[in-house]
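*Asks:* Got a predicted structure here, sequence first:
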Amino acid sequence: MAESDVFHLGITKADLQGATLAIVPGDPERVKKIAALMDNPVHLASHREFTSWRAELDGKPVVVCSTGIGGPSTSIAVEELAQLGVRTFLRVGTTGAIQPHINVGDVLVTTGSVRLDGASLHFAPMEFPAVADFDCTTALVAAAKASGATTHIGITASSDTFYPGQERYDTFSGRVVSRYQGSMQEWQQMGVLNYEMESATLLTMCASQGLRAGMVAGVIVNRTQKEIPDAVTMKQTESDAVTIVVEAARRLL
Ligand SMILES: O=P(O)(O)O[C@H]1O[C@H](CO)[C@@H](O)[C@H]1O
Ligand SMILES: O=c1cc[nH]c(=O)[nH]1
């Protein structure tokens, strides 16, 4: 196995060539696509859910590393990248909208997250907000608007689970624990835009440790209309969000 300076990612400080900004998608398959939009992309390592590439934007190094699904693996990726010198994290994901006016193909920029996860509690108590960094958010909004995407800015519900925590009944048991019954309607009434699964951990651990983080997602399904996304639209939406996150990184560097 190649040398590594950290426990899981399989990469060294030298591999990062001084990169202080990381783009962190959930899906390992997305990493190569993001790196390919930048200059001189190089594959660094792939271990478990963590695939890492390095590339350059305007001559400056950027690392792209997948987090896998959910808070625990996200906390590992962010911790180990921070140990290697990264200080700014831009998450790019897919998401399910819960407000009727948001359409599949739109883009959402998260200003803060409802902490429906467990991992964020290992970094800060529940009273601490899962809030995005202002400069990261500004860059993501500017990049999204410049791309022509219909952009929504606001609060995300970020859940440990895809099914009960996002109040899905189309499951094996068809059962949702009482704590989450009616929760989607409650979030809707509070103006929450969407569901995803990593931002609560990412934003809490970064805001509480002097790191910067922001989050953009492409809407692949609207839960008020349909439960299963369309595969072709999903690819296009993911690709639009990826273009936006790279442009936001350029603006931040
Ligand atoms: O597309 P990614 O970045 O994985 O994000 C979303 O998709 C996964 C669930 O299908 C969760 O990780 C959720 O946050
Ligand atoms: O509905 C959705 C879609 C993508 N990712 C989620 O976590 N939820």
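*Replies:* Everything's here; your move. Ligands and ions are numbered 1, 2, ... in the order given.
*Asks:* Pull the number of nearby residues for Thr243.
*Replies:* 18 (other C-beta atoms under 10 Å). In this view, the C-beta of every residue, glycine as well, is placed from N, C-alpha and C.
*Asks:* Please renumber the chain so that the first residue is 2 from this point on.
*Replies:* Will do, 2 is the new start, and the previous item becomes Thr244.
*Asks:* For Pro101, see how far away it is.
*Replies:* 26 Å (C-beta to C-beta, to the nearest Å).
*Asks:* Could you give the number of residues near Glu128?
*Replies:* 5.
*Asks:* Find me the pLDDT at it, would you?
*Replies:* What the model reports for Glu128 is a pLDDT of 98.
*Asks:* Please, which helix or strand holds it?
*Replies:* Using DSSP states H and E, Glu128 sits in no helix or strand.
*Asks:* just Ser159 next, same as before
*Replies:* Assigned by DSSP H and E, Ser159 belongs to strand 152-160.
*Asks:* Please see if the next helix or strand after that strand touches ligand 2.
*Replies:* Counting by DSSP H and E, the element after strand 152-160 in chain order, helix or strand, is helix 184-190. No. Using C-beta under 6 Å from any ligand atom, helix 184-190 never reaches ligand 2; the gap is at least 10.5 Å.
*Asks:* Endpoints of stretch 203-221, how far apart?
*Replies:* End-to-end distance for stretch 203-221, by C-alpha to C-alpha, to the nearest Å: 21 Å.
*Asks:* what residues does the stretch 52-201 of the chain put near ligand 1?
*Replies:* 70, 94-95, 163, 197-199.
*Asks:* rerun at 5 Å
*Replies:* Along the stretch 52-201 of the chain, the residues adjacent to ligand 1 under the rule C-beta under 5 Å from any ligand atom are 70, 94-95, 197-198.
*Asks:* Can you mark which positions in the strand holding Ser159 are buried?
*Replies:* 152-154, 156-160 (16 or more other C-beta atoms under 10 Å).
*Asks:* can you check stretch 216-229 too?
*Replies:* Under 16+ other C-beta under 10 Å, the buried positions of stretch 216-229 are 216-224.
*Asks:* quick revisit: now the buried residues of strand 152-160 as JSON lines including pLDDT?
*Replies:* JSON lines is the format used below for the buried residues of strand 152-160 (pLDDT from 0 to 100):
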{"residue": "Thr152", "pLDDT": "98"}
{"residue": "His153", "pLDDT": "98"}
{"residue": "Ile154", "pLDDT": "98"}
{"residue": "Ile156", "pLDDT": "99"}
{"residue": "Thr157", "pLDDT": "99"}
{"residue": "Ala158", "pLDDT": "99"}
{"residue": "Ser159", "pLDDT": "99"}
{"residue": "Ser160", "pLDDT": "98"}
